[in-house]
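**Student:** Dropping a prediction and its sequence here:
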Amino acid sequence: MIVLLDPYEERGGGQAVLEELLRVVSQSSHSVAVCMPAQGRSRIEIPQQVLQGEFDDIEQLVGEEKAVVLVSNANAGHISVLRIAGALRRKGVVCKTVAILHNYPGSRLRTSVVKAVLRKFDNAIAVEPGLSSLRPDALIPSWLSAAPKISAPLYLATSRQGVIKSFARPDPSKGMHLLKDIYLAMERIGFTCQVALGDPLESHRGYVNKLKSDLSPWLVSGRRSAEWLNPGDIFVVPSIYGEAACLSAQEAMSRGAFVVASRVGLMPYLSPTNEGIRTFALGDTSSAISVLQDVCNMTPEVFLSECRGGATEMARRNLRWFDEVSNLLFSWDLQMPGSLVVRP
């Protein structure tokens, strides 16, 4: 049996990954369950055949199973997953623990804690190669790619729209506070700017209130999704730490938008040919403005070609990470003592 656990009530990149992973693994003959808060489960699509419940429901979900693969989907839940594994083992259940590494901790202290906790897991799986710094023997499948439902037909990328957009959670790591200066500069040269904010995963009330005030001239509501982006838009990712694969950047490129992102995580490597994306110095608004101006000065033909090139690269890598991770989970499940699963 494969059980995926996530402690969050809100939807972020990790929960979008969990949603897609559940879809893939549920298509097999393996028993699959997800444990997370009810509000969190309401924010993702869970296939009908997947068992679901709270963290405290896991013993009920496991039932008579004698062996389970426990998959922790977030740093915040790693310690709880280890505790759950210990409780199941004391009841005679054979457990294999796996941690998915989605992002980088935001401080040296958190990094030290995460590294110590990860050493207690049987295995770890990274969404991009750099995360192996948290656990050197982490398995590194093809780096995480966006899901097909956000890919747009390439012919739609017809021209530059004259619109600069951004969306993210209002957490400090996302760097949305940098947008005020960036947007003011870009509006002065004739671009329309918009920003949508999601729900924070952590409590930063003072930061969120100031952010909403600073960004009020450009703030839109109800549009934090890839479908809000149009081919030919320019999409800004100002994250200052924590990012790894950054699904929002990949979603934007898949939609035929041009991405301008801070130089963090996979951002400099999303396109081997650099088509459809440019990066700027971390936390540097002057660098961001300079890069945006360079993109705006491209000829329409070059801009269109790069948008299509970026979207093509996203389509080429699509879903490989999910297929490889699901195959790993299946193989581990089959190797568990007492497993009665038939290979799909």
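**Tutor:** Yep, that arrived.

**Student:** switch to C-alpha atoms for all contacts and neighbour counts from now on
**Tutor:** Noted.

**Student:** Which of the helices or strands spans the closest residue to Trp218 other than its chain neighbours?
**Tutor:** Leaving aside its chain neighbours, Trp218 sits nearest to Gln194 (4.7 Å; criterion: Cα to Cα, 6 or more residues apart in numbering). When secondary structure is defined using DSSP states H and E, the element that contains Gln194 is strand 192-197.

**Student:** what ranges do the helices span in the chain?
**Tutor:** Per DSSP state H, the chain has helices spanning 13-25, 38-42, 58-62, 78-90, 108-118, 179-188, 205-214, 247-254, 285-296, 300-317, 320-335. These are given in chain order.

**Student:** what sits up against the second one?
**Tutor:** It stands for helix 38-42. Outside of helix 38-42, the residues within contact range by Cα atoms under 8 Å, 6 or more residues apart in numbering are Pro7, Tyr8, Glu9, Glu10, Arg11, Gly53, Glu54.

**Student:** a markdown table for those, including neighbour count?
**Tutor:** Formatted as a markdown table, the entries for the contacts of helix 38-42 read as follows, by neighbours: other Cα atoms under 10 Å:
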| residue | neighbour count |
| --- | --- |
| Pro7 | 21 |
| Tyr8 | 21 |
| Glu9 | 17 |
| Glu10 | 18 |
| Arg11 | 20 |
| Gly53 | 17 |
| Glu54 | 17 |
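
**Student:** ok, back up a step: so what secondary structure elements neighbour the strand holding Gln194?
**Tutor:** Counting contacts by 3 or more Cα pairs under 8 Å, 6 or more residues apart in numbering; DSSP states H and E, the secondary-structure elements packed against strand 192-197 are strand 163-168, helix 179-188, strand 219-220.

**Student:** how is this structure carved up into domains?
**Tutor:** Domain assignment of the chain by automatic domain parsing yields the ranges 2-144+319-335, 148-317.

**Student:** ok, of those, where does mean pLDDT dip lowest?
**Tutor:** Comparing those by mean pLDDT, the weakest confidence falls on domain 148-317, with a mean of 87.

**Student:** any idea how far that one is from the chain center?
**Tutor:** Per Cα atoms, centre = their mean, to the nearest Å, the displacement of domain 148-317 from the mean C-alpha position of its chain is 15 Å.

**Student:** Neighbouring strands - and their directions - for the longest strand belonging to the chain?
**Tutor:** The longest strand of the chain (DSSP state E) is strand 94-101. Sheet neighbours of strand 94-101, with direction, are listed as strand 67-72 (parallel), strand 123-126 (parallel) (DSSP bridges).

**Student:** Reformat these as CSV; add mean neighbour count and distance to Leu88.
**Tutor:** Rendered in CSV, the data for these read as follows (neighbours: other Cα atoms under 10 Å; distance: least, Cα to Cα, whole Å):
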stretch, mean neighbour count, distance to Leu88
strand 67-72, 24, 9
strand 123-126, 22, 18
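
**Student:** To Arg160, which of those lies closest?
**Tutor:** Between Arg160 and the strands paired with strand 94-101, the tightest spacing by Cα to Cα is seen for strand 123-126, at 35.1 Å.

**Student:** Show me the contact partners of that closest one.
**Tutor:** The list of residues contacting strand 123-126 from outside it, by Cα under 8 Å, 6+ apart, reads 97-102, 118, 132, 135, 137-141, 143, 325.

**Student:** Just send the helices of the chain back as JSON lines, with distance to Tyr269 too.
**Tutor:** Compiled in JSON lines, the helices of the chain are given as follows (distance: least, Cα to Cα, whole Å):
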{"stretch": "helix 13-25", "distance to Tyr269": "19"}
{"stretch": "helix 38-42", "distance to Tyr269": "31"}
{"stretch": "helix 58-62", "distance to Tyr269": "39"}
{"stretch": "helix 78-90", "distance to Tyr269": "28"}
{"stretch": "helix 108-118", "distance to Tyr269": "23"}
{"stretch": "helix 179-188", "distance to Tyr269": "23"}
{"stretch": "helix 205-214", "distance to Tyr269": "29"}
{"stretch": "helix 247-254", "distance to Tyr269": "11"}
{"stretch": "helix 285-296", "distance to Tyr269": "17"}
{"stretch": "helix 300-317", "distance to Tyr269": "11"}
{"stretch": "helix 320-335", "distance to Tyr269": "16"}
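
**Student:** In CSV: those, plus mean neighbour count.
**Tutor:** Conversion of the helices of the chain to CSV gives the following (neighbours: other Cα under 10 Å):
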stretch, mean neighbour count
helix 13-25, 19
helix 38-42, 15
helix 58-62, 16
helix 78-90, 17
helix 108-118, 14
helix 179-188, 17
helix 205-214, 14
helix 247-254, 29
helix 285-296, 18
helix 300-317, 21
helix 320-335, 18
